[in-house]
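> predicted structure and sequence below. I'll ask about it afterward.
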Amino acid sequence: MTDATFSIVIDDQEISARPGQTILQAADDAGLYIPRLCAHKDLVPHGSCRVCTVKVNGRPQSACTQPAAAGQVIESETDEIRGVRRAIVDMLFVEGNHLCPFCEKSGDCELQAVAYRLGIAAPKYPFLFPKREVDASHPKIMIDHNRCVLCGRCVRASRDLDGKHVFDFVGRGIDKKVAVNSAAKLADTNIDISDKAVDVCPVGAILRKRVGYVVPVGERTYDHDPIGSKIEAARER
Amino acid sequence: MITTTESGKRKVVIEPVTRVEGHGKVTIHLNESGQVEQARLHIVEFRGFERFIQGRPYWEVPVLVQRLCGICPVSHHLCAAKAMDVIVGAKELTPTAEKIRRLMHYGQTFQSHALHFFHLASPDLLFGFGSDVAERHVLGVAAKHPDLAVQGVMMRKYGQEIIKATSGKRIHGTGAIPGGVNKNLSIEERDVFLKDLGQMMEWSHAALKIARDYTVANLEMVTDFNTFESNHVSLVRQDGALDLYDGGLRAIDAQGEKIFDHMHPQKYLDFIAEEVRSWSYMKFPFIKSLGTEQGWYRVGPLSRINACDFIDTPAAEQARKEFMAVTSDKPNHITMAYHWARMIELLHSCEKIQELLEDPDLQGEDLVVKGDRQEEGVAILEAPRGSLFHHYRVDENDQVTMANLIVSTTSNNEAMNRAVTGVAQKFLSGREITEGLLNHVEVAIRAYDPCLSCATHALGQMPLEVCLMGPDDELIHRRVRH
């Protein structure tokens, strides 16, 4: 492997990429924002949410898992790809119980922010209103499964960063969910408030208890600038 | 519509009731000889917040439960936050937190009272109950009294902006959190409100004058229209002053004698109970010691002015004295006097806003306190429409296991039913719901500024439906106004 950079093209714009980078990482470095939910800078790529879907030489791929390679021609901000992303985010909303109006993650929620970025005012699919549980058994941390989008960030963070395996997936298809590993309740696990797994949740599913709404409206992450603005600011510099 | 049965029994339906918040229906029940036996205000919506907040974490409740209402959500936001103060063991808030919350509350009372007076009630007062319904609405006011219409809008805006500055949003904000608030008021934010305060004060005085002059000029008519004796319930400060945000609960009887006083909110179940009747989703609260028949009471501006010993702001206190002089310092039972009392509170709220804006505590940085976690919390707040009760139990996992809400309109349930009965007895002639009857029913209900959405924790606008019913509950006549 060589350190020599090479070029790829995203939406008619030629950018440089380094060997070992994914398309998403190369785009980030170039100041081109590709929407994502399961991807996280500190975690190994998972490719599960498909929100970062792009077309690579005409084939749909998830930008967070697909290695950048010389000569790739990538479509990202096209009507077709935006439509695919909107449909995916729409489905994430209706499959859970995402009640933004009173959710403490509102304004800091990546799902909400991506939806705004994609111009989703309201989901177009019918709500499924699943019956899901809230596990508040731990004194400092809670999981509201109503808001889980199965991105797996907590699974990866607990396993790879915390070395604990607190979370894992169970079930298949529509019944798939995040479970606490080998324990009935969160209180039975060895999770700690300082674990990385607590902070990587993109939605309001895993929460620190008793601190909701402490940040006032106007000072939350996405109150003023849409998600992706920081990545795009790098390009402007 | 008139329906006549073979036996000649009759039933009147008026639906919907207009210019109030929510959706209601009135039925007027006649006996065999065609006399009005009883009228009922039915609340036909149901929403069930008390059930579906079960299982939610307690800190979410002030933000969640305010979604009961789009008119005075701040009341629910603050009342729930006060109950959660008890849950987190915050016995006394920091001065900044207490004053920010009060500013939010007075801003809300100011905008809510302005909305009701200028947009909902003023058409009746300016044009008369019997005037052409095609003109008797806020657009009619805008056409004939454009200055008043503008004042209504601007005063509402002023209150809404105060709510935004203290809670983050004009509606459904997040400012009050268990044990305090999440922001203070910056000097820049404060100065914006100080700039317009003089105008707001002037308009508040003018609105009070309209309500006062109307009541005094038409005293005989409004006294004759819908006056009945009742108990009155309101929060009062420890020294007996009017206090819309906090205090102990006081109940007075029709003569002004105290039934109970300075009742601690945590003990409300010892003093207040709720009766369920099969025909309405709205419960009927009553004072326990007096029972269901004698224990019903009124709440809201009229009750607050009746119950307090004084008001701690000079202009509103002057207005209160003038108000009480009409009934020789005895409780005023004139339903239409709600409007006058509401405008005294509008002025009081404006004076309080001034007092708070001039207080440097609003720029303090100490926002939250906490203590020993409790399992149960009750709070009472004087919402624009009257005493509001929030009662929660929270388990060791921080999840709500029980919620009981008694909203202002619920407390006024019996009074509104009596008001409608009185109007029906006086104005129903023959077998048809006339325009006149419809108007008077609406005016009587509207005086209470009911929020029927809140009362059943329901959703929607409030049109009026009135039904005339015979002794066997058969429908005789139904009239609907949207």
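Thanks, I have the structure now. Residues are numbered from 1 along each chain as shown, chains lettered A, B, ... in the order given.

> hey, let's count contacts and neighbours off CA atoms from now on
Fine.

> now do the same for residue 85: helix, strand or coil?
You didn't say which chain, so I picked chain A. helix (DSSP: H, G, I helix; E, B strand; the rest coil).

> wrong one, I was asking about chain B
Under three-state DSSP, B:Asp85 comes out as helix.

> quick one, what contacts it?
Shown in contact with B:Asp85 (Cα atoms under 8 Å, 6 or more residues apart in numbering or on different chains): B:91, B:178-180, B:370, B:377.

> could you dump those to TSV with neighbour count, pLDDT and distance to chain A?
Below are those laid out as TSV (neighbours: other Cα atoms under 10 Å in any protein chain shown; pLDDT from 0 to 100; distance: Cα to the nearest Cα, whole Å):
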residue	neighbour count	pLDDT	distance to chain A
B:Lys91	14	94	17
B:Pro178	32	98	9
B:Gly179	28	98	11
B:Gly180	28	98	10
B:Lys370	17	92	11
B:Gly377	23	97	16
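
> which of those fall in helices?
Judged by DSSP state H, the contacts of B:Asp85 include no members of helices.

> just checking, A:Arg147 touches A:Val203?
Yes. In this structure A:Arg147 lies within contact range of A:Val203 using Cα atoms under 8 Å: 6.6 Å.

> list just the nearest of the contacts of B:Asp85 to B:Lys288.
B:Gly377 (20.7 Å; Cα to Cα).

> pretty sure that closest one is in contact with B:Lys267, am I right?
No. The pair B:Gly377 / B:Lys267 is not scored as a contact, 10.3 Å apart, by Cα under 8 Å.

> give me every residue in chain A lying close to chain B.
Neighbours of chain B within chain A, by Cα under 8 Å from any Cα of the partner chain: A:101-104, A:134, A:136-139, A:210-218.

> emit the ChimeraX select command for whichever of those residues are buried.
In ChimeraX, a selection of the buried entries from those looks like this (16 or more other Cα atoms under 10 Å in any protein chain shown):
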select /A:102,103,104,134,136,137,138,210,212,213,214,215,216,217
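
> which members of the residues of chain A next to chain B are positioned in strands?
A:Val134 (DSSP state E).

> report the closest residue of the stretch 301-450 of chain B relative to chain A.
Nearest to chain A, among the residues of the stretch 301-450 of chain B, is B:Asn397, at 5.4 Å (Cα to the nearest Cα).

> that residue: how many residues sit nearby?
Other residues near B:Asn397 number 17, with proximity taken as other Cα atoms under 10 Å in any protein chain shown.

> that one: which element?
Using DSSP states H and E, B:Asn397 falls within no helix or strand.

> contacts only, for it.
Counted by Cα under 8 Å, 6+ apart, B:Asn397 has contacts A:136-139.

> show me where chain A has its helices.
Going by DSSP H, chain A shows helices at A:23-29, A:79-95, A:110-117, A:153-156, A:196-199, A:229-236.

> put the alpha carbons of the last one into PDB.
Listed in PDB are the C-alpha atoms of helix A:229-236, where the atom choice follows Å, rounded to 0.1, in the frame of the first residue of the first chain:
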ATOM      1  CA  SER A 229     -22.400  22.300   8.100                       C
ATOM      2  CA  LYS A 230     -19.100  21.700   9.900                       C
ATOM      3  CA  ILE A 231     -17.900  19.300   7.200                       C
ATOM      4  CA  GLU A 232     -18.900  21.800   4.500                       C
ATOM      5  CA  ALA A 233     -17.200  24.600   6.400                       C
ATOM      6  CA  ALA A 234     -13.900  22.800   5.800                       C
ATOM      7  CA  ARG A 235     -14.400  23.100   2.100                       C
ATOM      8  CA  GLU A 236     -15.100  26.800   2.400                       C
END
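
> and it, average pLDDT?
For helix A:229-236, the mean pLDDT works out to 86.

> quick one: A:Cys38 from A:Val114, how far?
12 Å (Cα to Cα, to the nearest Å).

> more neighbours: which of these two?
Using other Cα under 10 Å, the more surrounded residue of A:Cys38 and A:Val114 is A:Cys38, with 25 against 21.

> excluding its backbone neighbours, what's nearest the more buried one?
Residue nearest to A:Cys38 in three dimensions, not counting chain neighbours: A:Cys151, with 4.5 Å by Cα to Cα, 6 or more residues apart in numbering or on different chains.

> quick one: pLDDT of the residue in the stretch 151-300 of chain B positioned nearest to chain A?
Closest contact between the stretch 151-300 of chain B and chain A, by Cα to the nearest Cα, is at B:Gly168 (4.8 Å). The score at B:Gly168 is 96. That number is its pLDDT.

> looking at it, it is touching A:Tyr213, isn't it?
No. With contact defined as Cα under 8 Å, B:Gly168 does not count as touching A:Tyr213 (10.8 Å).

> find the centremost residue of chain B, please.
B:Arg385 (1.0 Å; Cα atoms, centre = their mean).

> one step back: look at the residue nearest to A:Cys38 and say how many residues are nearby.
20.

> for it, give its distance to A:His40.
From A:Cys151 to A:His40 the distance is 10 Å (Cα to Cα).

> so where do the helices sit in the stretch 351-482 of chain B?
For the stretch 351-482 of chain B, applying DSSP state H, counting those that start in this stretch gives helices covering B:408-411, B:413-427, B:435-446, B:452-455.

> kindly report the same for the stretch 1-150 of chain B.
B:49-52, B:61-65, B:73-87, B:95-114, B:122-127, B:138-144, B:146-167.

> report how many residues lie close to the residue lying closest to B:Phe228 once chain neighbours are set aside.
Beyond its immediate neighbours in the sequence, the residue positioned closest to B:Phe228 (Cα to Cα, 6+ apart) is B:His333, lying 5.8 Å away. Neighbours of B:His333 under the rule other Cα under 10 Å: 23.
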